[in-house]
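In: I would like the atomic coordinates for the input below:
(2 chains)
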There are 2 protein chains.
Amino acid sequence: MSLTFQVQKKDEKTPARTAFLQTAHSSFSTPIFMPVGTQAAVKAMSPRDLKEIKAQIILGNTYHLYLRPGEKLIADAGGLHEFMNWDRSILTDSGGFQVFSLADLNEIKEDGVFFQSHLDGSRHFISPEKSMQIQQDLGSDIIMAFDECPPGTSDYQYLKKSVPRTIRWARRCREVIPENGKQALFGIVQGGIFEDLRCNCALELMELDFPGYAIGGLSVGEKKEDMFKVLEAVVPVLPQEKPRYLMGVGTPVDIIEAVCRGVDMFDCVLPTRMARHGTVFTSRGKLTVRNAKFKKQFVPLDSDCECYVCREFTRGYIRHLIKRNEILGVYLTTYHNLYFYLQLMSDLRKAIENNQLLDFRNKFLQNYFNEDI
Amino acid sequence: MSLTFQVQKKDEKTPARTAFLQTAHSSFSTPIFMPVGTQAAVKAMSPRDLKEIKAQIILGNTYHLYLRPGEKLIADAGGLHEFMNWDRSILTDSGGFQVFSLADLNEIKEDGVFFQSHLDGSRHFISPEKSMQIQQDLGSDIIMAFDECPPGTSDYQYLKKSVPRTIRWARRCREVIPENGKQALFGIVQGGIFEDLRCNCALELMELDFPGYAIGGLSVGEKKEDMFKVLEAVVPVLPQEKPRYLMGVGTPVDIIEAVCRGVDMFDCVLPTRMARHGTVFTSRGKLTVRNAKFKKQFVPLDSDCECYVCREFTRGYIRHLIKRNEILGVYLTTYHNLYFYLQLMSDLRKAIENNQLLDFRNKFLQNYFNEDI
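Out: Numbering: from 1, shown residues only, chains lettered A, B, ... in the order given. As a prediction, the model looks like this:
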């Protein structure tokens, strides 16, 4: 088996559950957050930092790695794990999202997508088969089917044509990837904010019996309640015994809400990107440490946090570093933010195990939207 | 006593020696290299990284810290050690070098120097007394006298007027700093490449009985052989039982040559600055890891190095990170370079202890200028 997934504990009041997920490289408990390592590195973090904050699986971006340094170079190095010195699990996306959002899109054909690199304008073609080949060269543990990622504003008519193509592409991906190989291929449910399209897509993908299912194309501009409605519609359709992965989501609150709706896996650039802009997540909400009011606050970013950064450094010092563009400042904010996300996941797992998920959510929200930071 | 310095072993063939230096915060063996932490951070390195590579003392820049965040803020935080979470020794320079090299210099008066900030053009005045006050607020273990740092090209006539002023300023600094306080004040020998000016300056400063002596104004454009001639002239004049600090020097080879001429302490931005440009120091010379030829070299930066970076990452991966402007790339090259420098100092100390300093130097040079990197 490319991947095993065993549900451990089902929450009594919500579709949330904890589970044990095993890939070719490592095993871990879900719900889980995957730090994003776009270019074969989680920005500012070394592999040992990631292990220290208990990261179990990270995400790599196929589009970026295909363009630079190229999947063949990474294959020469022995695969992405070896190249970046990360021996736990890696999930790679299909490249689809970036082709549709970053690149200059030239044409979508039945066969695949023609686009120009956002870096140098060079022309490229990615098909489902090409995406599979790249991800095979990368050697990631979980690979994603190549899908069309239409804009969040796409209307029903457009999606009604787009979703069936995504399903046809998923079938072509499934044909390339051996069921008993080391890599597990996840299908991606699309369909915008339309529950019927989403459910039909899920049902059709399930005929291909993927070892896991992602929900894509959310958190791209639609209203929060639409995102949650989609989850509430799709999750009951998806198989109980397979992991559910909500792609690219989200804020701490989004993640809690999605866990309460039965999602097992998450990735998002927010904690690393916000860190680079000097914003950190704390148990009392977001804190923009650049702000002048933190200049003389010689207290931790989050006095409830037990991470290295909160144990050893102050808001005033980190503000100074961020204002001076010191790399150490970005390192400290990134470290803290990822720790905060991973600790949140750990807290969510514990809450599910103790049948206290909704209590945990309520307390978290109460604290998080506290004015006094 | 503000500082104790005990010579442990004198080399038989050169003026080199090992010694044991104790400050208010920590004690360590010399010869030593001090990583530069200009803005209250050694670029890209956390305090625990610095401890891992066995840094014992770091350098802070008074000019930068005075401008931003201001020495009063740092004093509010409990001093520079507390502010940046570094509990080993800190040496701060006097601000002189930066006032004369970075700032827009307005006027040098007997009382002090008027200048405009290189950041915002704001007007400032630093005198010997002001430099002492700033360094007292910073609370560093070793503080430097405020000196004039004339350009490396200054002629004899100019220096003949400048050096006596530097000596008068040193006397004023000495009057501010209590001999038995926690901070040790070093005098700075100036005099360009002129041996008589240097020796006279040293002798006059020695009347003030500083706990240590620096040699400033070298490695600023003069020929290497002039730098070494100055060291050969000044070191025998300076007291045997006091530390000698060669400011802002230099390359690994410079440091070895200066140790062989009796220098005990060094600082330089080279290892950190070169790292940010993707150049690393190895036992076989400098290596510009950005270069295309390293693309597929999945071997360590330096196969003779035992640092974290060389144990865990390859040239090909680090090249990719540096080319992509990944912060992790700068972290890895910085970590390695500082480790390389500190390991070199450790090797030099061992060589002195074993009476093998010149052998060590010869072998190092043979390897370092090897073509095959």
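
In: from here on, just use CA atoms for contacts and neighbour counts.
Out: Fine.

In: list the buried ones in stretch A:12-19?
Out: Buried residues in stretch A:12-19, counting neighbours by 16 or more other C-alpha atoms under 10 Å in any protein chain shown, are found at A:15-19.

In: what pLDDT is listed against the residue of the stretch 101-250 of chain A found nearest chain B?
Out: Per C-alpha to the nearest C-alpha, A:Leu119 is where the stretch 101-250 of chain A lies closest to chain B, at 11.3 Å. Listed pLDDT for A:Leu119 reads 91.

In: ok, it - contacts?
Out: Contacts for A:Leu119 were tallied using C-alpha atoms under 8 Å, 6 or more residues apart in numbering or on different chains; there are none.

In: cool, A:Ala202 as well?
Out: If a contact means C-alpha under 8 Å, 6+ apart, then A:Ala202 has A:189, A:234, A:237-238 as its contacts.

In: just checking, it is part of a helix?
Out: Yes - checked against DSSP: H, G, I helix; E, B strand; the rest coil, A:Ala202 lies within a helix.

In: follow-up on the earlier one: can I have the buried ones of the contacts of A:Ala202 as a PyMOL selection?
Out: A single PyMOL command selects the buried members of these (16+ other C-alpha under 10 Å):
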select buried, chain A and resi 189+234+238
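
In: for the residue nearest to the spatial centre of chain A, give me its contacts.
Out: Nearest to the mean C-alpha position of chain A, by C-alpha atoms, centre = their mean, lies A:Asp267 at 1.5 Å. Neighbour list for A:Asp267: A:33-36, A:59, A:246-250 [criterion: C-alpha under 8 Å, 6+ apart].

In: distance of it from A:Gly216?
Out: For A:Asp267, the distance to A:Gly216 (C-alpha to C-alpha, to the nearest Å) stands at 11 Å.

In: before we move on, what about A:Pro151?
Out: Counting by C-alpha to C-alpha, the gap from A:Pro151 to A:Gly216 is 11 Å.

In: compare these two and say which one has the larger neighbour count.
Out: Each of A:Pro151 and A:Gly216 has its neighbours counted (other C-alpha atoms under 10 Å in any protein chain shown); A:Gly216 has more, 22 against 17.

In: ramachandran angles for A:Arg273?
Out: Main-chain torsions, A:Arg273, degrees, to the nearest 10: phi -70, psi -50.

In: per-residue pLDDT, it?
Out: 98.

In: the one 4 residues further on now?
Out: For A:His277, the pLDDT comes out at 96.

In: residues near it, how many?
Out: The number of residues packed near A:His277 is 16, by other C-alpha under 10 Å.

In: ok, it to chain B distance?
Out: 14 Å (C-alpha to the nearest C-alpha, to the nearest Å).

In: distance of that residue from A:Leu50?
Out: Taking C-alpha to C-alpha, one finds A:His277 at 20 Å from A:Leu50.

In: which residue is the nearest non-sequential neighbour of A:Val230?
Out: Nearest residue to A:Val230, sequence neighbours excluded (C-alpha to C-alpha, 6 or more residues apart in numbering or on different chains): A:Glu195, at 5.8 Å.

In: okay if I get the contacts of A:Asp267 as JSON lines plus secondary structure?
Out: Putting the contacts of A:Asp267 into JSON lines (three-state DSSP) gives the following:
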{"residue": "A:Phe33", "secondary structure": "strand"}
{"residue": "A:Met34", "secondary structure": "strand"}
{"residue": "A:Pro35", "secondary structure": "coil"}
{"residue": "A:Val36", "secondary structure": "strand"}
{"residue": "A:Leu59", "secondary structure": "strand"}
{"residue": "A:Leu246", "secondary structure": "strand"}
{"residue": "A:Met247", "secondary structure": "coil"}
{"residue": "A:Gly248", "secondary structure": "coil"}
{"residue": "A:Val249", "secondary structure": "coil"}
{"residue": "A:Gly250", "secondary structure": "coil"}
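
In: which SSE is the closest residue to A:Leu218 other than its chain neighbours in?
Out: Nearest residue to A:Leu218, sequence neighbours excluded (C-alpha to C-alpha, 6+ apart): A:Met227, at 6.3 Å. Applying DSSP states H and E as the criterion places A:Met227 in helix A:224-234.

In: can you give the contact residues for that helix?
Out: For helix A:224-234, the surrounding residues in contact (C-alpha under 8 Å, 6+ apart) are A:193-195, A:198-199, A:202, A:218-219, A:257-258, A:261.

In: kindly report the same for stretch A:348-355.
Out: With C-alpha under 8 Å, 6+ apart, stretch A:348-355 has contacts from A:9-12, A:16-18, A:30-31, A:256, A:357, A:360.

In: with stretch A:303-318 instead?
Out: The contact list for stretch A:303-318 (C-alpha under 8 Å, 6+ apart) reads A:53, A:282-283, A:289, A:294-302, A:329, A:332-333, A:335-336, A:339-340, B:83-85.

In: quick check: which ranges of the stretch 251-373 of chain A have low pLDDT?
Out: Scanning the stretch 251-373 of chain A with the threshold set as pLDDT under 70 gives A:371-373.

In: show me which residues of it sit near chain B.
Out: Applying C-alpha under 8 Å from any C-alpha of the partner chain, we find that the stretch 251-373 of chain A lies next to chain B at A:296, A:298, A:312-314, A:317, A:320-321, A:324, A:326-328, A:331.

In: and those residues, which of them are buried?
Out: For these, a burial check counting by 16+ other C-alpha under 10 Å picks out A:296, A:298, A:313-314, A:317, A:320-321, A:326-328, A:331.

In: would you list the residues you listed in JSON lines and tack on secondary structure?
Out: Output for these, formatted as JSON lines (three-state DSSP):
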{"residue": "A:Lys296", "secondary structure": "coil"}
{"residue": "A:Phe298", "secondary structure": "coil"}
{"residue": "A:Phe313", "secondary structure": "coil"}
{"residue": "A:Thr314", "secondary structure": "coil"}
{"residue": "A:Tyr317", "secondary structure": "helix"}
{"residue": "A:His320", "secondary structure": "helix"}
{"residue": "A:Leu321", "secondary structure": "helix"}
{"residue": "A:Glu326", "secondary structure": "coil"}
{"residue": "A:Ile327", "secondary structure": "helix"}
{"residue": "A:Leu328", "secondary structure": "helix"}
{"residue": "A:Tyr331", "secondary structure": "helix"}
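
In: what's near enough to touch the closest residue to chain B within the stretch 151-300 of chain A?
Out: Taking C-alpha to the nearest C-alpha as the measure, the point where the stretch 151-300 of chain A comes nearest chain B is A:Phe298, at 6.5 Å. By C-alpha under 8 Å, 6+ apart, the residues touching A:Phe298 are A:314-317, B:77.

In: farthest pair within those?
Out: Farthest-apart pair in the contacts of A:Phe298 is A:Arg315 and B:Ala77; separation 11.0 Å (C-alpha to C-alpha).

In: and A:Val253, how many neighbours does it have?
Out: Residues lying near A:Val253 (other C-alpha under 10 Å) number 15.

In: is it in contact with A:Leu365, as I believe?
Out: Yes - using C-alpha atoms under 8 Å, A:Val253 makes contact with A:Leu365 at a distance of 7.5 Å.
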